[in-house]
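Engineer: Sequence plus the predicted model coming up.
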Amino acid sequence: MVDVAGVDGRDPVNDLRILGKELREYGSSGILGENYMGGDEGQDGEEMRRRRRDMMERPSLILANKMDLLPKDDAGMGRREELLFQLGMVAEEVGIVCEPDDIMGISAGVTGEGLRVLSKRLRQVVSEVG
C-alpha cells in the first residue's frame, strides 16, 4: 500500500520502487547477518534466498491509498489513471507479481472509495489460495 496524496512531499511511485527493493533484499543484510533466520543460526543462507524468491513470486495487490485526495475532475481522473499505470510499471520493474486489475485506488479512511472492490478481490484471492 502506498500513499498517493503526496501531502508530505513523498512520491508514491518511488515509494513502491523502494518497497520492492526492500522485499527483494529481505533478510540479505542487517545486524543479524545474511544467514540469520531466527533460531537456527547455523542454517545455510539458501533457505533465506528461497523464502525471498517465494515472497516475490506470490501474486500481489497494490493499493494506492488516499485516492479521495486527488481531484476527480477530468484532469484529475487522468492523473489517477496515470498514477495507477506508473505503479504497475514499477511493480514489473522491481519484480512484484500482479495483474493490472490488482492495482487499485482506494480511500481506506474518509470516503471508503474502492473498498468494496478490494474486499471482493481479497475474497477471491483467499478462495483461490485456500
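Structural biologist: Yep, it's here.

Engineer: Where does pLDDT dip in the chain?
Structural biologist: Applying pLDDT under 70 to the chain flags the ranges 27-44, 74-76, 130.

Engineer: one more time with 50
Structural biologist: Residue ranges of the chain with pLDDT under 50: 30-42.

Engineer: give me the beta-bridge partners of the residue positioned nearest the centre of it?
Structural biologist: The C-alpha lying nearest the average C-alpha coordinate of the chain belongs to residue 62 (CA atoms, centre = their mean; 4.3 Å). Beta bridges link residue 62 to residue 103, judged by DSSP bridges.

Engineer: Number the residues from 570 up from this point.
Structural biologist: Sounds good: first residue 570 from here, last item residue 631.

Engineer: Can you show me the strands along the protein?
Structural biologist: 571-572, 631-634, 672-674 (DSSP state E).

Engineer: Who are the contact partners of the residue nearest to the centre of the chain?
Structural biologist: When contacts are counted by CB atoms under 8 Å, 6 or more residues apart in numbering, residue 631 touches 570, 571, 585, 656, 657, 660, 665, 667, 671, 672, 673. C-betas here are computed from N, CA, C, even on glycine.

Engineer: Next one: it from residue 574, what distance?
Structural biologist: Distance of residue 631 to residue 574, given as CB to CB, to the nearest Å: 16 Å.

Engineer: How many neighbouring residues does the closest residue to residue 668 other than its chain neighbours have?
Structural biologist: Closest residue in space to residue 668, ignoring its immediate chain neighbours: residue 628 at 7.4 Å, by CB to CB, 6 or more residues apart in numbering. Neighbour count for residue 628, taken as other CB atoms under 10 Å: 12.

Engineer: Let me see the backbone angles for residue 628.
Structural biologist: Backbone torsions for residue 628, taken as degrees, to the nearest 10, come to phi -60, psi 140.

Engineer: Was I right to think it contacts residue 665?
Structural biologist: No. Checked against CB atoms under 8 Å, the pair residue 628 and residue 665 is beyond contact range at 9.4 Å.

Engineer: so residue 582 makes contact with residue 659?
Structural biologist: Yes. Using CB under 8 Å, residue 582 makes contact with residue 659 at a distance of 5.5 Å.
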